[in-house]
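# Sharing a model that was predicted from the sequence below.
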Amino acid sequence: MPVRVLICDHLPVIAAGLKTLLDTVPDIEVIGTTQNGMEAIVLVRTTRPDVVVTDLNLRTISGVELIRRLGKEDEPPNVVVFTASDADQTVSDVLHAGASCLLGKDASPQELIAAIRAAAAGQTMLAPDIARRLVTWFRAQPEPRPAATCPEVTELTPREREVTKMVARGMSTEEVARSLVIGEATVRTHLYRVRTKLGVRDRAELVSLAYRTGLIHSAGRHFGDGALVSSEDLRAG
């Protein structure tokens with residue numbers, strides 16, 4: 001069975017050129033082309049392509065939004081992004097949206113064909129320069145520290161763990177009480193018991209211990225935007 005491909009590009013000449021190229025490949029069948037993101041969704045639903053090859057500049061909706069919406073379909077196709085932009089933010093947006101492969105428009109015909117085949121097989125393929133930058137970024141990240149051991153954490157009740165996590169994320173006693181629909185005095189009682197069990201003196205030490213033991217995990221940082229997504233707030237609340 002050939003790989004069924006839908007091509008999306010706001011420039012008809014590029015879409016036509018890609019179709020001409022792919023029509024020469026025996027195991028790839030181009031089932032349509034479009035300049036319109038919303039039309040692409042309709043075509044995906046009616047023709048069921050295995051792979052969508054798309055630029056990020058489309059009519060009606062962007063390529064990134066198209067990828068997000070396709071990911072919510074009952075039978076989502078894998079997506080190869082074929083774009084002129086390889087800025088960090090573009091890479092971040094495309095990968096987080098759910099694309100399988102990302103190539104620049106300087107990619108060779110062989111690289112595009114290989115990416116389509118990889119996407120159809122559920123694999124990932126990135127342009128060499130993008131892959132190098134991601135590896136460089138990854139290597140620059142601090143190595144994750146193993147969680148500190150604290151056997152006393154296992155003694156916490158489910159509600160005590162819940163209150164601890166909420167406090168560690170920066171919620172005040174009043175906010176915790178409102179969220180859990182309990183009284184503030186009850187929240188303070190839970191916190192007192194947690195501090196007693198864990199041997200910490202105040203809320204700041206409690207928050208620190210929660211992170212060090214892995215009870216709460218800092219949010220990861222994401223490639224793109226020059227900066228990376230910040231970790232969870234450590235306010236005592």
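Thanks, I have the structure now.

# SS state for V52?
Following DSSP: H, G, I helix; E, B strand; the rest coil, the label given to V52 is strand.

# longest helix of the chain?
Identified as the longest helix of the chain according to DSSP state H is helix 184-198.

# Let me see the mean pLDDT of that helix.
Throughout helix 184-198, pLDDT has a mean value of 90.

# Partner strands of the strand or helix carrying F82 and their direction?
Using DSSP states H and E, F82 sits in strand 78-83. Sheet pairing for strand 78-83, assigned by DSSP bridges, gives strand 51-54 (parallel), strand 101-104 (parallel).

# distance of Q141 from T20?
43 Å (C-beta to C-beta, to the nearest Å). In short, each C-beta sits where N, CA and C put it, glycine included.

# looking at the chain, which residue lies furthest from center?
In the chain, the residue that sits farthest from the middle, by C-alpha atoms, centre = their mean, is A185; the gap is 39.5 Å.

# contacting residues around that residue?
The contact partners of A185, by C-beta atoms under 8 Å, 6 or more residues apart in numbering, come to none.

# Take the strands paired with strand 78-83 and write them to JSON lines, including mean pLDDT and mean neighbour count.
As requested, those are exported to JSON lines (pLDDT from 0 to 100; neighbours: other C-beta atoms under 10 Å):
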{"stretch": "strand 51-54", "mean pLDDT": "98", "mean neighbour count": "27"}
{"stretch": "strand 101-104", "mean pLDDT": "93", "mean neighbour count": "22"}
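
# Would you format those as CSV with distance to L215 included?
CSV is the format used below for these (distance: least, C-beta to C-beta, whole Å):
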stretch, distance to L215
strand 51-54, 42
strand 101-104, 36
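
# Looking at those, spot the one closest to V207.
Among those, the nearest to V207 by C-beta to C-beta is strand 101-104 (38.6 Å).

# what's that closest one in contact with?
78-84, 86, 91, 94-95, 111-112, 115-116, 118-119, 124-127, 129-130.

# Now the buried members of the residues you listed.
78-83, 86, 91, 94-95, 111-112, 115-116, 118-119, 125-127, 130 (16 or more other C-beta atoms under 10 Å).

# just to confirm, which helix or strand has the residue nearest the centre of the chain in it?
In the chain, the centroid-proximal residue (C-alpha atoms, centre = their mean) is H96; its distance is 3.3 Å. In this assignment (DSSP H and E), H96 forms part of helix 88-97.

# what about that helix, distance to the chain center?
Put simply, helix 88-97 sits 8 Å off its chain's centre (C-alpha atoms, centre = their mean, to the nearest Å).

# Please apply the same query to stretch 120-135.
How far stretch 120-135 lies from its chain's middle: 15 Å, per C-alpha atoms, centre = their mean.

# Extract the C-alpha trace of the helix holding H96 and format it as CSV.
Extracted in CSV, the C-alpha atoms of helix 88-97 (Å, rounded to 0.1, in the frame of the first residue of the first chain):
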residue,chain,number,x,y,z
ASP,A,88,13.7,28.5,17.9
GLN,A,89,10.1,29.6,18.4
THR,A,90,8.9,27.9,15.2
VAL,A,91,10.7,24.7,16.2
SER,A,92,9.1,24.8,19.7
ASP,A,93,5.6,25.6,18.4
VAL,A,94,5.7,22.9,15.7
LEU,A,95,7.0,20.1,18.0
HIS,A,96,4.6,21.0,20.8
ALA,A,97,1.7,21.1,18.3
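
# by contact count, what packs against that helix?
helix 63-70, strand 78-83, strand 101-104, helix 128-140 (3 or more C-beta pairs under 8 Å, 6 or more residues apart in numbering; DSSP states H and E).

# That'll do, ta.
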